[in-house]
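Undergrad: Provided below for reference: sequence and predicted model.
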Amino acid sequence: MRIQSVEFGPEREETKTVLIDKEALTAHVFFEVKEVAAFHGLTNDCLTGDVEGDENADPSNPSAGCRPLLHSATNANWIAVSCDFDASFFYYSPSGSSSSCYSQYMRLTLKEADGKIASMCWLPGTSAIVVVTTEKKMMIVDAATKAVLYKTITAIQTDAPFLSVKELLDSLELWLVNDAGEWMRWTVNIEAVNKGVELKEQDMVQAAGNFIEASTCPTRFVDVLNGLFFFFGLSSDGRIWVIEPETRISYQMELKDKCIRLHEYCNGRYLLCLTESGNMYVFEQATMTPIFIRSITKPEKAEKIVDFVCTENPNFLGEFSILVLTSEAGAHRLEVRSFPSEQTTYSARTNRATQIFVSADQTSNMLFMLEIDEEYGQTVNLRELTEMQPEKRLEKLISKRRFDEAEAFAKQFGLDLQKIYTRRIYCLVEDIELADTAQEKTTIMAKLVSAFQQLSDDNLIGDLCFSVAMTIGNGDMIAQLLEISKKRNVTDSETTDRLSSLGYMFTSYRMIFGPAASYDDVSYWKLFIEGISSKDVWPKIFESLISKEMIHESRVLWHRHQKAIISFYADAEKGFERISDLFIIFQQVLLLNLARWQQVVDFLVEDLMIALIQNDSFEAFEEFSHLMKNLISDLEVNEGNNFPDNSLHVALSFERMLRNVTQTTISPSRQAALGFYAASLKKSEAKAAIEDMATCAINLNAIKRLKEVYNYEIGYKEFAKLTPERICHNILNRQLDKMDLFRSNLEQYVKPYMAEHRLDVNATLFSYIQASTKGEVVHS
């Protein structure tokens, strides 16, 4: 038979739902049958063909015994169907339903001298297929590019060959075995195959041998299976031979009756043998230990099992289904039987020439049938049979993110819609985390908000809002997610607490950095997120803000997260060291930018020092006093125009701090606490620091009075060295520059100063004259 044309989706195609044995099955088990293609040929070509498989067939009657030589092979994306001299290759996308897409087609036509196609095998992970003919021709064809990659003549007879492939680390082993046990092996360079170029000799390393001596195995092999560890040969007399090809060591498996079919299960872990009586033996290949024996025939029927394939290949030996081709009283049927329940989930009439095979894509669960159409003469039909259990179908649609189809499907069969909505949300969450641009995030966020409206699980929504907000990196979207969670009735206490913490933290972040703040990986936002689960991060943020001269922002952080920050500095063991480090940071800020001095002083006086006192961290006063003294000196030098007012403001900081504490102490408990703190201060090492600050304030007040009342400016260090009499000398000396105003200035500045400090006028003037003659008076 020659294939003259291939018809896709013919008019007589029937896609139908079939329910068998309704009482035994649930209401939601059904199959879909789809005719993929019809191969049309010439009837007269078949007259020269062989009569196969029917001992009662009449060679003179083509319709009775003349049947084409059919073969099929599949991998994850390709189906190959051969009929005598012609082969057709289809690219398909397994979907687990009748909507499988067959998008590409290639046809291979051989000359009669090349022989009929006797076997085919796809190379794993490629679009290349190996084709062997009855005339010892072997070729590798790339179905995608329609190129012949390799062509050779085999050294063994190929009337009834068996092809198989084993995957190695970086290559493939291609095995060709004939019915006499002769074999050839090629080590195939898979990289060269993937390039789609003609293969060279070094890409196809060849070896040959024989399984068994003819005297040992006088019969022919009707099936050869390339197992994980051994080859399994099924001889024409129904015996199974276990063979190690290189050493030719072999032995026979002991079965009670003749075996007619071999099959692998669980990715080659198990070997299945079908016997003539309908028993299925299961062996573990590693040890060839029998697992169990089960009859797959129906005891109430006198049926015969002709062939079978497993419909799926899970990773464990449990529930599974097989597609069987049965014969009973001349009638043939295709049935899908489930085990261990022994239920028949599909049954349909067929003819004796039907071939069955399963998709190599284990997730699609698609079965294929090659049938010679007796009604339409020399036509071969390729049909697809797909199990359609709604729950499994729904899971596959969801796993492939076909949510709209899944939703319509679930509504049709009354399945759980919330499962779809939940998975859709999880996928959107993954997408938004992987989005690269703001526009992508905005688009996905809109879909996510819409999906939230469909989900009824408030606790799940709350948890998802929290998770997305933690990673989304967009302030407006975080606010939107928090608002969504507030409108939901979240009852899980843990989720509620986390959302509350996130909301509080988000508010803190916006108060500190503003509504237009960044939320990327290099921003403070990552540290704020860490602060939800770890309080240790807040002192780090606090010190970081201060070091960047963000004093106002650090005060906001202090007020929002004071408990975590103050506990860090009030630690019994490391508190003093941490306080010292903090004041060093303040000192560095003032050295870099003295203009921040008032913000620093106000923060210390109004917030930080009060909290440290209340936590018994009295050692902070030494650091505080040291910082203030340095600041007073720096202000005198760098902001002399405002001296001594600026320095006096600093010196009076301790006094203002006590006033603030006193003003806020209203309740009896707080008054008692204030008394305790005051008593503790007097007994602690902070007493000396406090007294130094008080002395400094007194001196600065005196300097201020000299400037404002007596029109005399003097530095702090100089003032500390001079007595009132020497200061009076300096005031008097300054009046000499303006002799015309000397008398009035003497009355306005000098004499009042003498009176204030109880200096004798005559004695002071006399001492001034003496000092002037000695050069001890500072001249203006």
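TA: Perfect, thanks for sending it.

Undergrad: State the distance from Gly278 to Lys258.
TA: Relative to Lys258, Gly278 is positioned 12 Å away (CB to CB, to the nearest Å). In short, each C-beta sits where N, CA and C put it, glycine included.

Undergrad: Compare neighbour counts for these two and give me the winner.
TA: Gly278 (20 against 15; other CB atoms under 10 Å).

Undergrad: residue contacts, that one?
TA: Applying CB atoms under 8 Å, 6 or more residues apart in numbering to Gly278 gives the contacts 295-297, 303-305.

Undergrad: Please pick the buried ones from those residues.
TA: Among the contacts of Gly278, those scoring as buried are 296-297, 303-305 (criterion: 16 or more other CB atoms under 10 Å).

Undergrad: Closest one of the residues you listed to Thr723?
TA: Taking CB to CB as the measure, Thr723 lies nearest Ile296 of the buried ones among the contacts of Gly278, at 120.2 Å.

Undergrad: wait, what's in contact with Lys707?
TA: Residues in contact with Lys707 (CB under 8 Å, 6+ apart) are 644, 713-714.

Undergrad: hmm, try it at 6 Å
TA: The contact partners of Lys707, taken as CB atoms under 6 Å, 6 or more residues apart in numbering, are Glu713.

Undergrad: and what of Ser554?
TA: Per CB under 6 Å, 6+ apart, neighbours of Ser554: 542, 545-546.

Undergrad: Touching the helix or strand where Ser72 lies from outside, list them.
TA: Element membership for Ser72, per DSSP states H and E: strand 70-74. Applying CB under 6 Å, 6+ apart, the external contacts of strand 70-74 come out as 80-83, 120-122, 355, 357, 359-360, 370.

Undergrad: returning to what we had before: would you check which pair of the contacts of Gly278 lies furthest apart?
TA: Largest separation among the contacts of Gly278 by CB to CB: Ser295 and Lys304, giving 12.5 Å.

Undergrad: For the biggest helix by length in the chain, list every residue counted as buried.
TA: Across the chain, the helix with the greatest residue count (assigned by DSSP state H) is helix 686-708. Under the neighbour-count criterion of 16+ other CB under 10 Å, helix 686-708 has 686, 689-690, 692-693, 696-697, 699-700, 703, 706 buried.

Undergrad: ok, so of those residues, who is nearest Val6?
TA: Looking across these and measuring by CB to CB, the closest to Val6 is Ala686, at 98.0 Å.

Undergrad: Closest to Ala38 out of the contacts of Gly278?
TA: Nearest to Ala38 among the contacts of Gly278: Ile305, at 27.8 Å, using CB to CB.

Undergrad: Secondary structure class of the closest one, three-state.
TA: On the three-state scheme (DSSP: H, G, I helix; E, B strand; the rest coil), Ile305 is labelled strand.

Undergrad: Would you state the helices of the stretch 1-150 of the chain in chain order?
TA: 62-65 (DSSP state H, counting those that start in this stretch).

Undergrad: so where's it uncertain?
TA: Along the stretch 1-150 of the chain, segments meeting pLDDT under 70 span 1, 9-30, 42-67, 93-104.

Undergrad: How is the chain divided into domains?
TA: 16-39+299-388, 535-710, 722-774 (automatic domain parsing).

Undergrad: Out of these, the one nearest Lys526 is which?
TA: domain 535-710 (9.7 Å).

Undergrad: ok, back up a step: which one of the contacts of strand 70-74 is nearest to Thr247?
TA: Distance to Thr247 across the contacts of strand 70-74 (CB to CB) is lowest for Cys121, with 24.5 Å.

Undergrad: The closest one contacts Val131, doesn't it?
TA: No. Cys121 is not in contact with Val131 according to CB atoms under 6 Å; the separation is 8.5 Å.

Undergrad: Doesn't Ser485 belong to a helix?
TA: Yes. Judged by three-state DSSP, Ser485 forms part of a helix.

Undergrad: related to what we said a few turns ago, go through the contacts of strand 70-74 and name the one nearest Thr345.
TA: For these, the residue nearest Thr345 by CB to CB is Ser359; the value is 17.5 Å.

Undergrad: From the centre of this protein outward, give me the first residue you hit.
TA: Centroid-nearest residue in the chain: Glu430, 6.9 Å away (criterion: CA atoms, centre = their mean).

Undergrad: Doesn't that one lie inside a strand?
TA: No. When classified by three-state DSSP, Glu430 is found to be helix rather than part of a strand.

Undergrad: In the stretch 351-500 of the chain, where is pLDDT below threshold?
TA: In the stretch 351-500 of the chain (pLDDT under 70), the answer is 360-365, 374-377.

Undergrad: where exactly do the strands run in it?
TA: 355-358, 366-372, 379-388 (DSSP state E, counting those that start in this stretch).

Undergrad: Would you format those strands as a markdown table with mean neighbour count included?
TA: Putting the strands of the stretch 351-500 of the chain into a markdown table (neighbours: other CB atoms under 10 Å) gives the following:
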| stretch | mean neighbour count |
| --- | --- |
| strand 355-358 | 20 |
| strand 366-372 | 22 |
| strand 379-388 | 22 |
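
Undergrad: longest strand in this structure, by residue count?
TA: For the chain, the longest strand by residue count, based on DSSP state E, is strand 30-41.

Undergrad: Could I get the buried residue list for stretch 758-767?
TA: With burial defined by 16+ other CB under 10 Å, the residues of stretch 758-767 counted as buried are 759, 764-765, 767.
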